[in-house]
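Visitor: Kindly generate the corresponding structure for this input.
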Amino acid sequence: MTPRLILNDLQLTTKEGQTCPKLSLTMMQGEVVALVGASGVGKSSVLRACLGLLPEAFRVSGTCEVLDGVIKVNLLTAAAKVRGRVLVGWPQEAAAALDPSWSVIDVVRSAARDAGQTETSASAALRAVDFPFHRDHATVRDLSGGEARRAGIAAVIATNAPCVLLDEPTAGLSESGIEALAAVIRRHQASGGSWLIATHDLAFARRIGARVVSMDAGGMGGATPHPRTLTHNGAARPLLVASAVSFARGGRPVLSESSMTLVEGRVASLTGPSGAGKSTLCRILCGELAPLTGNVTLSGRLHVAPGEFPRGSERRRVHYTRQDARLALDPWRTAESLLRDAAGAASSGGWRTAAERASFPTDLFARRPGALSGGERQRLLLARGYAAEPSVMLVDEALTGLDATLREAVIEGLVVWASEGERSVLLVTHDQGLVSARGWSGWQLVEGRLSPVGSAC
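Guide: Numbering: from 1, shown residues only. Got it, this is the predicted structure:
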């Protein structure tokens with residue numbers, strides 16, 4: 001077998017002096033490698049280094065090479081010569097890498113054209129990743145998180161580059177989307193393609209037969225805490241109630257008379273395929289969008305209705321933690337500044353408590369979002385939600401980019417927060433296993449219609 005990508009003692013150091021473990025690996029032609037490790041260990045930075053997209057503030061030692069035919073290309077100095085043709089990648093925050101004004105089909109066609117491929121490969125690439133045909137001409141700003149990720153992956157495979165680098169590719173994907181991605185990888189692998197994937201999804205790594213390489217200094221350590229069960233005394237009282245809510249975009253129905261009740265002290269789930277309208281429903285519940293019909297009440301008072309939006313302090317009572325942290329966080333402000341702002345002038349130390357609850361490290365307070373890993377940005381976004389002290393948290397795919405230990409800590413944080421007073425959490429997720437293991441009730445959204453799951457009201 002021929003080597004495709006060669007890393008030898010590659011080590012990255014931030015301007016603050018934090019260093020990731022040295023990494024040496026040789027990825028062969030036709031091989032899939034899963035790069036795993038704790039959140040913040042440097043997996044995303046390694047992929048950016050290979051693509052020649054690492055910020056200048058990093059210091060790099062070691063070597064990183066890709067084979068272009070029979071010629072070895074030093075990716076630390078000449079990645080631009082082969083990027084998009086021999087080597088192609090896509091970041092963890094898929095939507096942030098796309099021009100919001102472009103249509104999906106134009107994004108994929110442009111990637112194919114830049115790589116010297118025919119534009120006709122764009123449609124085939126979109127079908128290969130299970131992207132719905134009727135959404136080909138949708139603009140990027142109108143995509144769900146899962147749709148944006150599939151569009152990005154389609155742009156990658158439309159290049160037909162022999163070496164592909166993906167960061168958390170299954171985040172936000174439904175089971176059908178994950179299986180479509182696995183099929184794409186298998187076909188590309190069979191024709192000699194090589195894939196380096198940074199992931200926390202070990203089940204997916206096993207599904208595609210990847211060789212697992214750990215970046216943790218001590219290997220895959222860390223036991224997963226056992227889920228804790230909290231008991232609730234007395235009958236649960238309704239907190240946020242959506243009644244017969246409907247919504248359309250561009251004349252196409254997105255939600256059809258959808259109703260749900262979030263009760264005090266509980267975490268409920270919202271599941272469904274990518275593009276089903278889960279994020280749109282959250283935006284209505286928090287008052288960002290007005291429904292066409294129906295209404296949302298909070299503590300028995302009208303919160304959102306056609307032409308009616310929450311005002312003043314009421315706007316803070318329902319907080320929506322978005323799926324794409326890079327787009328949701330001001331890139332020019334430090335983590336501490338973002339948390340202080342969310343907490344407001346009246347809160348002296350609440351923002352620190354919020355960071356602790358979200359497992360966001362204090363030594364990262366001085367960093368801006370761009371200097372954080374994907375998992376660290378997700379936790380900062382969640383901490384900002386806690387700092388705002390809302391009554392209801394709508395948490396959209398907050399567990400992506402987290403290792404098993406941190407994932408469990410974040411889940412526990414949500415459960416405990418909901419149990420402390422008149423609070424409720426709606427967790428948007430594709431992880432049916434998590435919902436079942438926790439015994440959560442909730443709803444499934446399919447083709448614009450909500451169906452209760454478990455004992456959901």
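Visitor: which residues of the stretch 1-150 of the chain score low on pLDDT?
Guide: Within the stretch 1-150 of the chain, the segments meeting pLDDT under 70 span 1, 94-95.
Visitor: Strands of that one, residue ranges please.
Guide: 3-13, 23-28, 32-36, 59-68, 71-74, 87-90 (DSSP state E, counting those that start in this stretch).
Visitor: Of those, which is nearest F204?
Guide: Nearest of the strands of the stretch 1-150 of the chain to F204, taken as CB to CB: strand 32-36 at 8.0 Å. Where you see a C-beta, it was placed from the backbone N, CA and C, and this is true even at glycine.
Visitor: distance between the closest one and the chain's centre?
Guide: Mean C-alpha position of strand 32-36 versus that of the full chain (CA atoms, centre = their mean, to the nearest Å) differs by 18 Å.
Visitor: how about the residue of the chain most remote from its centre, phi and psi?
Guide: For the chain, the largest distance from the centre (CA atoms, centre = their mean) belongs to V70, which lies 36.9 Å off. Main-chain dihedrals, V70, degrees, to the nearest 10: phi -110, psi 10.
Visitor: Arrange the strands of the stretch 1-150 of the chain in TSV, one row each, with mean neighbour count and distance to V453 as further columns.
Guide: Shown next, in TSV, are the strands of the stretch 1-150 of the chain (neighbours: other CB atoms under 10 Å; distance: least, CB to CB, whole Å):
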stretch	mean neighbour count	distance to V453
strand 3-13	19	43
strand 23-28	17	41
strand 32-36	23	31
strand 59-68	17	46
strand 71-74	14	51
strand 87-90	24	32
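Visitor: can you tell which of those is closest to S123?
Guide: strand 87-90 (18.5 Å).
Visitor: Now tabulate the strands of the stretch 1-150 of the chain in JSON lines and tack on distance to S101.
Guide: As requested, these are exported to JSON lines (distance: least, CB to CB, whole Å):
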{"stretch": "strand 3-13", "distance to S101": "33"}
{"stretch": "strand 23-28", "distance to S101": "36"}
{"stretch": "strand 32-36", "distance to S101": "33"}
{"stretch": "strand 59-68", "distance to S101": "32"}
{"stretch": "strand 71-74", "distance to S101": "33"}
{"stretch": "strand 87-90", "distance to S101": "19"}
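Visitor: for those, which one sits closest to S176?
Guide: strand 87-90 (19.4 Å).
Visitor: now for that closest one, which elements pack on it?
Guide: Judged by 3 or more CB pairs under 8 Å, 6 or more residues apart in numbering; DSSP states H and E, the packing partners of strand 87-90 are helix 43-50, helix 145-158, strand 163-167.
Visitor: looking at those, which is buried most?
Guide: Most buried of these, by mean neighbour count (mean count of other CB atoms under 10 Å): helix 145-158, with a mean of 28.
Visitor: contacting residues around S103?
Guide: By CB atoms under 8 Å, 6 or more residues apart in numbering, the contact set of S103 is 136-140.
Visitor: hang on, G413 in a helix?
Guide: Yes. Counting by DSSP: H, G, I helix; E, B strand; the rest coil, G413 is part of a helix.
Visitor: quick revisit: of the helices and strands packed on strand 87-90, which is nearest R311?
Guide: Per CB to CB, nearest to R311 of these: helix 145-158, 28.6 Å.
Visitor: how far is the closest one from where the chain is centred?
Guide: 13 Å.
Visitor: so what's the closest residue to G300 other than its chain neighbours bridging to?
Guide: Residue nearest to G300 in three dimensions, not counting chain neighbours: P238, with 8.0 Å by CB to CB, 6 or more residues apart in numbering. P238 has these beta-bridge partners by DSSP bridges: V263.
Visitor: P238 reaches L262, doesn't it?
Guide: Yes. Counting by CB atoms under 8 Å, P238 does reach L262; the two are 7.5 Å apart.
Visitor: quick one, which of these two is more surrounded?
Guide: L262 (28 against 15; other CB atoms under 10 Å).
Visitor: show me what contacts that one?
Guide: Here L262 is in contact with 238-241, 268, 392, 424, 426 (criterion: CB under 8 Å, 6+ apart).
Visitor: Among those, name the buried ones.
Guide: 239-241, 268, 392, 424, 426 (16 or more other CB atoms under 10 Å).
Visitor: List the ones among those residues that fall in strands.
Guide: Among the buried ones among the contacts of L262, the residues falling in strands (DSSP state E) are 239-241, 268, 392, 424, 426.
Visitor: that older thread, can you redo the buried ones among the contacts of L262 as a markdown table with distance to L445 and pLDDT?
Guide: Converted to a markdown table, those look like this (distance: CB to CB, whole Å; pLDDT from 0 to 100):
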| residue | distance to L445 | pLDDT |
| --- | --- | --- |
| L239 | 20 | 89 |
| L240 | 16 | 91 |
| V241 | 17 | 91 |
| A268 | 13 | 90 |
| V392 | 18 | 93 |
| S424 | 18 | 92 |
| L426 | 12 | 93 |
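Visitor: Turn the residues you listed into JSON lines, including distance to S373.
Guide: Compiled in JSON lines, the buried ones among the contacts of L262 are given as follows (distance: CB to CB, whole Å):
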{"residue": "L239", "distance to S373": "33"}
{"residue": "L240", "distance to S373": "32"}
{"residue": "V241", "distance to S373": "37"}
{"residue": "A268", "distance to S373": "29"}
{"residue": "V392", "distance to S373": "28"}
{"residue": "S424", "distance to S373": "29"}
{"residue": "L426", "distance to S373": "26"}
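Visitor: okay, now the closest residue in space to L35 that isn't next to it in sequence: neighbour count?
Guide: Closest residue in space to L35, ignoring its immediate chain neighbours: A198 at 4.6 Å, by CB to CB, 6+ apart. Using other CB under 10 Å, A198 has 28 neighbouring residues.
Visitor: looking at the sheet around A198, what are its partners?
Guide: L35, D167.
Visitor: And it, how far from T118?
Guide: 30 Å (CB to CB, to the nearest Å).
Visitor: wait, doesn't H319 sit right on M393?
Guide: Yes. Contact criterion CB under 8 Å: H319 and M393 qualify, at 5.5 Å.
Visitor: list residues touching both of those two?
Guide: G385.
Visitor: Which of these two has more residues huddled nearby?
Guide: M393 (25 against 21).
Visitor: in the sheet, who's paired with that one?
Guide: H319, V425.
Visitor: Now do it, the pLDDT please.
Guide: On pLDDT, M393 comes in at 92.
Visitor: now it: how far from F360?
Guide: M393 is 15 Å from F360, by CB to CB.
Visitor: mind listing what L173 touches?
Guide: 146, 149-150, 181, 274, 430.
Visitor: For the residue nearest to P390 when sequence neighbours are not counted, give me the pLDDT.
Guide: In space, P390 comes closest to H319 once its chain neighbours are excluded; the distance is 3.9 Å by CB to CB, 6+ apart. For H319, the model assigns a pLDDT of 91.
Visitor: Show me where the protein has its helices.
Guide: Per DSSP state H, the chain carries helices over the ranges 43-50, 75-78, 104-114, 121-128, 145-158, 175-190, 202-207, 278-286, 325-328, 335-343, 350-357, 374-387, 404-419, 432-438.
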